[in-house]
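Undergrad: this is a predicted model, with the sequence first.
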Amino acid sequence: MGPLVAATEVDTLAAAYGAPLRRLYLLPANDYLFYTRQEKMLDRRGEVGICLRRPNGNFLLHTKDLYPGLYRLPTGGIHWHEGVEEAVHREMHEETGLALHNLRFLAVIGYEMHLHDYVLPFVTYLWYAEEAGGTLRADGVEVAGFSELPLSSFAWIARQLRATPAPRLAWGAWRAIAHDIAHELLTSP
């Protein structure tokens with residue numbers, strides 16, 4: 001699935017948390033998506049995405065100062081020197097103040113973002129988790145707020161993301177994919 005996915009790490013995580021779905025998407029990118037992802041690759045080898053189920057059964061969504069009012073699943077970078085599982089716990093604690101348990105490895109989503117003759121690879125490690133404690137709070141740096149919705153709303157969230165106006169149109173289409181996969185996997189028996 002590309003140079004950003006360490007097969008041995010994925011195998012180890014799969015043994016502990018379940019075998020993930022593996023998908024690769026070829027995405028047309030605009031300048032905004034391509035160059036913001038390229039810049040982020042300087043300090044990360046991909047990201048974790050977390051479908052965090054709250055005690056009330058709803059899933060946590062966040063919005064950031066960069067796109068206020070547009071809510072989506074929490075994601076966060078995996079630093080080059082850290083493991084995927086470590087990033088899951090670190091990112092959730094940093095961005096939400098919450099601890100996790102009952103983790104399940106849902107998917108490894110690979111992307112090839114195409115802009116003109118250039119291709120930029122990226123990967124999202126998608127997880128399911130349940131809240132294990134802590135106090136929900138925004139990080140004060142990037143996260144501007146939270147919302148909670150039932151799993152049945154994920155298709156609607158994906159449609160909202162795909163309708164994001166320029167210059168974030170390609171970004172919204174890219175962000176929608178994790179919501180589609182989460183809905184698919186978490187509603188399957």
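TA: That came through, no problem. Numbering: from 1, shown residues only.
Undergrad: from here on, just use CA atoms for contacts and neighbour counts.
TA: OK.
Undergrad: assign R159 to helix, strand or coil.
TA: When the structure is reduced to helix, strand and coil (DSSP: H, G, I helix; E, B strand; the rest coil), R159 reads as helix.
Undergrad: report how many residues lie close to it.
TA: Neighbours of R159 under the rule other C-alpha atoms under 10 Å: 15.
Undergrad: biggest helix in this structure by residues?
TA: With DSSP state H applied, the helix covering the greatest number of residues in the chain is identified as helix 169-187.
Undergrad: and it, what's buried?
TA: When neighbours are counted by 16 or more other C-alpha atoms under 10 Å, the buried residues of helix 169-187 are found to be 169-183.
Undergrad: in what helix or strand does P165 lie?
TA: Secondary-structure element containing P165, defined by DSSP states H and E: none, the residue being outside all helices and strands.
Undergrad: show me what contacts it?
TA: The contact partners of P165, taken as C-alpha atoms under 8 Å, 6 or more residues apart in numbering, number zero.
Undergrad: please tell me how far it sits from R175.
TA: With distances taken as C-alpha to C-alpha, to the nearest Å, P165 is found 13 Å from R175.
Undergrad: overlap in contacts, these two.
TA: When contacts are counted by C-alpha under 8 Å, 6+ apart, P165 and R175 have no shared neighbour.
Undergrad: ok, now how distant is the residue located most distally from the centre of the chain from P28?
TA: Relative to the average C-alpha location in the chain, and by C-alpha atoms, centre = their mean, no residue lies farther out than D117, which sits at 26.4 Å. Separation of D117 from P28 (C-alpha to C-alpha) stands at 11 Å.
Undergrad: same question, L169
TA: Noted for L169: a distance of 11 Å to P28, by C-alpha to C-alpha.
Undergrad: helix/strand/coil for Y111?
TA: Secondary structure for Y111, judged by three-state DSSP, is strand.
Undergrad: tell me which element A132 falls in.
TA: In the assignment (DSSP H and E), A132 maps to strand 118-134.
Undergrad: for L26, give me phi and psi.
TA: phi -100, psi 120 (degrees, to the nearest 10).
Undergrad: so where do the helices sit in this structure?
TA: According to DSSP H, the chain carries its helices in the segments 7-17, 31-40, 84-96, 154-162, 169-187.
Undergrad: just want the angle from the longest helix of the chain to strand 118-134.
TA: Counting by axes from the mean of the first three to the mean of the last three C-alpha atoms, to 10 degrees, helix 169-187 points 50 degrees away from the direction of strand 118-134.
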